[in-house]
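Engineer: Sequence first, then the predicted structure:
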Amino acid sequence: MTETKAISATITGRVQGVGFRYTTRRVGQDLGLVGWVRNQPDGSVATVAQGSERAIGRFVAFLEQGPPAAVVTSVQIHDVATDPTLRGFRVA
């Protein structure tokens, strides 16, 4: 059985107004993750993702690049407790 891992991430740079949230949602769904993504008032994007360690690794690799119009300057990742109530991957 694959162990479930959960992370929270804050992404900074030119990450709002470039399709970051919607691309993140699609990538999360494609990887079979559950979680959410949202814009923050300070111009960053925050996300929580939960799933297999391999899928989380691929998700983080996406966050470090972002969609084509984004310019990612930093990604801060923190392990968090898994949340059994999460369903799907949504833009919050």
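Structural biologist: That came through fine. The model shown is predicted, which means the values in this text are computed figures rather than measured ones.
Engineer: Give me the contacts around the longest strand along the chain.
Structural biologist: Longest strand of the chain, by residue count under DSSP state E: strand 4-14. By C-beta atoms under 8 Å, 6 or more residues apart in numbering, the residues outside strand 4-14 that reach it are 20, 35, 40, 43-53, 56, 60, 63, 66, 69-83. In this view, the C-beta of every residue, glycine as well, is placed from N, C-alpha and C.
Engineer: do that again at 6 Å, thanks
Structural biologist: Contacts of strand 4-14 with the rest of the structure, by C-beta atoms under 6 Å, 6 or more residues apart in numbering, involve 44-50, 53, 56, 63, 70-80, 82.
Engineer: now the angle from the host helix or strand of residue 25 to strand 4-14?
Structural biologist: Here residue 25, judged by DSSP states H and E, is contained in helix 20-30. Counting by axes from the mean of the first three to the mean of the last three C-alpha atoms, to 10 degrees, helix 20-30 lies at 160 degrees to strand 4-14.
Engineer: Pull the distance from helix 20-30 to the chain's centre.
Structural biologist: Offset of helix 20-30 from its chain centre (C-alpha atoms, centre = their mean, to the nearest Å): 8 Å.
Engineer: What residues of that helix count as buried?
Structural biologist: The neighbour-count check on helix 20-30 (16 or more other C-beta atoms under 10 Å) flags 20, 21, 23, 24, 25, 27, 28 as buried.
Engineer: Which two among these are spaced furthest apart?
Structural biologist: Farthest apart among those by C-beta to C-beta are 20 and 28. That separation is 12.1 Å.
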